[in-house]
Structures are given as structure tokens and as C-alpha cells.
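Peer 1: Just a sequence and a predicted model for now, questions to come.
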Amino acid sequence: MKIKAFIDSHLHLMGMGYYEEILNLSNAKSLAEIIELAKKSENEVIIGRGFNQDNLLEKRMPEAQDFQDIEKPLVLFRICGHVAIANQLMIDLIKEKSDILPISGGSFNLKTGLFTENALAYLYQALPKPTKKDLVRYIAKANKILLKNGITKVASDDFSSFDVPFEMVIEAYLEAIEQGLLDVEVTEQVNLPIKKFEEFCRKDYSNKKYHNFQMGPLKVLADGSLGGRTAALNEPYSDDLHNLGILTYTGSELYDLVKLATINNMDSVIHAIGDRAADQVIDTLIKVQKEMNVKSPNNAIIHAQVLNKIQIEKMKKHQIGAIVQPVFINSDIQIVKDRLGERRYESYLFKTMYENISLGFSTDCPVEAVNPFKNIYCSITRKSADKPEFDAYLPEEGFTMKEALKAYTDNNLRYVYSESQDDYLEIDRDIFAAENEELLSVSVLKTYKNGKIVYERKN
Ligand SMILES: [Zn+2]
């Protein structure tokens, strides 16, 4: 059947391409398997990603000691990208570049090798830096994956993916366009620390548009992840009673960022997973709008997981939208009870949000797979595709197919600064008639962009 092409309103396009080239641990079932995979790597510095300690036989985070037999520097990023493990040789490598000093909004433990949030900067500084040519290659790879999945427009957060100047990222996009390697329309979610963001505005990059690549809203991370226990909660984690998670910024730092964006006619889309982070974000957005007497209906909270109905009501009143990832249920279904206790009954309220505020779907790829049909499956069934033994999580928050498609197309237009979605797809079955489980194997036959075929399934 024929349907509108998808729009993904928050992912990391360059990160998608990069992830194709490093060690993929997302299917790892034990520490032994991770060690085995790492040993096979031929790279000078072993970089892995995608492990989830809850899926490991040992049910614990890997530690530096586990990798003492590996004779190269090694760093493994957890599935969320907010937490990583470094081995001793990697820690030595970091120390060559800089002193590892305490940092606000992040933590590290040199014994276990665990780095979180802002402290990940130490790791990034020590990793080999990509060249512009590498970045162009990542873009080309991601473009292909997106078209194959029927996605023709995205909002992408790339400036913070690598330790390179933001101008190099822009140049890489322009080069990819010139070489005909980018069909997908990209709206950049501008994720920069305050000093760099000031420079970005001073040099007049805000709202710039180049062919199918344009500057979009300011992107800020207000907290971490639930899996890594770094999402900022108002009450402690139910499985870690001394831990409230991490707020990445003080209230005034966040205020400065949002205000500068607003002065430069930019919207703000802000990562907040915990309710404490959501409070901070909602209050800051309201404060800036009031002070400057502006309306910013494209402002949104990205993720919006632990948000209760009172907070959603406040978002509605002040026209703050949400960019959510139903596919997160796929992994989180096994931890919501442990992490949140009773709070799980007022979390991941995506259907309530859909009915009250502007809500769009995204995948946060490479955090989760970019496949829209898996995302739609989770939004409708509220079940995990990979862990079917778990009961549906708050099934009353499930979408109909029609609603899910709307959240994935029309509702996302505002987040990619586009007027209409004229791109469309041929898919291999009627998704309105299909059983829910069948959604997981839907495949795109053809993707049309501006009336032209840009992807066609072979065979
Ligand atoms: Zn993200």
C-alpha cells in the first residue's frame, strides 16, 4: 500500500553512520561475549556501543577489570550513550591528554572505569577524531539507512556527537550535498555548550538554510537516562534510594541558553527524561517566554518519560510540545518497575500527551533502531518486541494506527520546519489490516522524494 513517508523528529544522523563502523554490542547476552567481540577488533582503540547491562547474563555493569586481558585502550558506551566504561589503558590515554578533575553534571570512577554525562567529555577528547571525509561518509551511510526505512525528513543532533568544531559538521553536510550523497532533508538541532552557542549566534548561523540542510532549534540535554540512573527525579530511584539522578545544568545556565536562543529567533527542544528535569525545563521555557513576551509553539521536551498529568497540563497551557520515542518501551519495559516503583503508573503517558499537546514520534537513533514500524508497534501495543514475555505497559496509553501515523508525519512537520509531507512510500502490506506482530516485518518497497524514486528494494 501507499503511505506518507516518515519524519523522524529527533535522531543523530552522523552518529548513525558512525555506529555502522564501530563494535555493535546491542545483541550481547553476556560479559564473556562482549570481551570476545572486543578481542576480535582490529582497531587501535576499541570503541563499542549499545550494550545494556539488563540484557547481560551477569545483570551488572561491566567494569575496567573485566577487560584487563585486552591490550588496547577500550571504551564501551551503554545503549543510552549517557554512560560508558573505559579500561585501564583507556584511562591512561585520557590522563596523557588532560587531568581527570571532578566535573559538574557528570561523574567518573577511575577504579571501575565508569564515566557518566559531562564526564564523558574526557573520553571523547582522547578518542581518535574523525576527519571531514569521515563525517561525509557517515552522512552517506545514514542517508541510505533512512531511505530504506522510508524516512525522508529528520531533525538531527550532530554538533555534539564528535569532538570537532561545529563548522566542520556544517561543511561535511555541504560536501555531502554537493556530492549527491544526501537526499534526506535535515534540520539541525543545535546542541552546543554556551560559549560555542554564543559563537554560533555571533557568526549568524542561526536559521541558515542550505539546500536540504537547515539550522533548526537549540537542543539542550537537561538530564541523563533512566537505564543509567542519571535521569533527574524529584524522589530517589526506587532501586537506589540515595540517588536523584543528574541535572546537567543549573537553572540559570539553562535560562541563559534558552534566552540566547529566543533572542536569535530559535526555538528550544530540550532532552528531559526525569520529572525533576522536566520541571526545570518547563519553568525555564515559561520564564523566558513571559519575560520576552514571545510565543514559541515549536518548543518541545524530547523524551518526556517520567512526566505526570499535572506537568502535561502545564505544558498544554504554555504550548510546550513533546518529541517521544515509543520504541524506548522496548528496552525500558524491564526496568520501569525497579527504577520508578509506583511512579511507573504516571510515566510514558504518550497517548495522554497526544491528546493534549503537540506530540511527534522519533527514535533517537542510534540509541534505538530507526525502523518506524517497530516504533509504531511499541506505540500501539505498549509491548516490547524483543521481550514479549513482559505484559503491555499501561496499555490504555496505546495509539491506533491512524494516530501513530499522524504522530510520525503531520505532527512532526513543525519540528523539521516543513509545510507538508509530499514524499511517500510503497510498503509490502496493508498495515491497517495487519496483525500487530506483523508490523515488525513490514518492509519498504519504494521511497519517493519529490516524486522521484530514491530507494527501491532489490529482489
Ligand atoms: Zn538523542
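Peer 2: Structure's in. What do you need? Numbers count the residues shown, from 1 in each chain.
Peer 1: Mind giving me the packing neighbours of the longest strand anywhere in the chain?
Peer 2: For the chain, the longest strand by residue count, based on DSSP state E, is strand 213-221. Packing partners of strand 213-221 (3 or more CB pairs under 8 Å, 6 or more residues apart in numbering; DSSP states H and E): helix 166-178, strand 185-190, helix 251-263, strand 268-272. C-beta: built from backbone N, CA, C; applies to glycine.
Peer 1: Quick one: mean pLDDT for the second one?
Peer 2: Confidence over strand 185-190 (mean pLDDT, whole number) is 98.
Peer 1: same deal with the shortest one?
Peer 2: Confidence over strand 268-272, taken as the mean pLDDT, stands at 98.
Peer 1: Mind listing residues that contact that strand?
Peer 2: Applying CB atoms under 8 Å, 6 or more residues apart in numbering, the external contacts of strand 268-272 come out as 10, 155, 189, 216-223, 232, 254, 257-258, 261-262, 277-278, 280-281, 285, 296, 299-304, 323, 415.
Peer 1: Sheet partners, orientation included, of it?
Peer 2: Strand pairing for strand 268-272, using DSSP bridges, gives strand 213-221 (parallel), strand 300-303 (parallel).
Peer 1: Among these, show me which one is buried the most.
Peer 2: Neighbour counts (mean count of other CB atoms under 10 Å) averaged over each of these peak at strand 300-303, with a mean of 29.
Peer 1: got the buried residues for the helix or strand just after it?
Peer 2: Following strand 300-303 in sequence order, the next helix or strand is helix 309-317 (DSSP states H and E). If you call a residue buried by 16 or more other CB atoms under 10 Å, then helix 309-317 has these buried ones: 311-312, 314-315.
Peer 1: Repeat that for stretch 97-117.
Peer 2: 105-108, 113-117.
Peer 1: got the domain boundaries for this protein?
Peer 2: 2-12+132-456, 15-126 (automatic domain parsing).
Peer 1: who touches the closest residue to Y255 other than its chain neighbours in this structure?
Peer 2: Closest residue to Y255 apart from its sequence neighbours, by CB to CB, 6 or more residues apart in numbering: T284 at 5.3 Å. Residues near T284 by CB under 8 Å, 6+ apart: 251, 254-255, 258.
Peer 1: what would the residues you listed look like in CSV with neighbour count?
Peer 2: Formatted as CSV, the contacts of T284 follow (neighbours: other CB atoms under 10 Å):
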residue, neighbour count
G251, 13
L254, 25
Y255, 18
V258, 25
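Peer 1: okay, and the helix or strand of the chain with the least pLDDT?
Peer 2: Among the helices and strands of the chain, helix 120-126 carries the lowest confidence by mean pLDDT, DSSP states H and E, at a mean of 90.
Peer 1: circling back to that earlier point, so which of the domains of the chain is the most packed in?
Peer 2: By mean count of other CB under 10 Å, the domains of the chain have domain 2-12+132-456 as the most buried, with a mean of 20.
Peer 1: And it, end to end?
Peer 2: Its first and final residues considered, domain 2-12+132-456 spans 14 Å by CA to CA, to the nearest Å.
Peer 1: And that domain, how far out from the chain middle?
Peer 2: 6 Å (CA atoms, centre = their mean, to the nearest Å).
Peer 1: now do stretch 18-28
Peer 2: Centroid separation for stretch 18-28 versus its chain: 16 Å, with CA atoms, centre = their mean.
Peer 1: if we can go back for a sec, worst mean pLDDT among the domains of the chain?
Peer 2: In terms of average pLDDT, domain 15-126 trails the rest of those, at a mean of 92.
Peer 1: distance between the ends of that one?
Peer 2: Start-to-end, domain 15-126 (CA to CA) is 18 Å.
Peer 1: go on, stretch 14-34?
Peer 2: Span of stretch 14-34 from end to end, CA to CA: 24 Å.
Peer 1: Just the residues contacting that stretch, thanks.
Peer 2: So stretch 14-34 is contacted by 37-38, 41, 46-52, 55-58, 62, 66, 76, 79, 130, 135, 137-142, 145-146, 156, 158, 161-162, 169, 172, 365-366, 370 (CB under 8 Å, 6+ apart).
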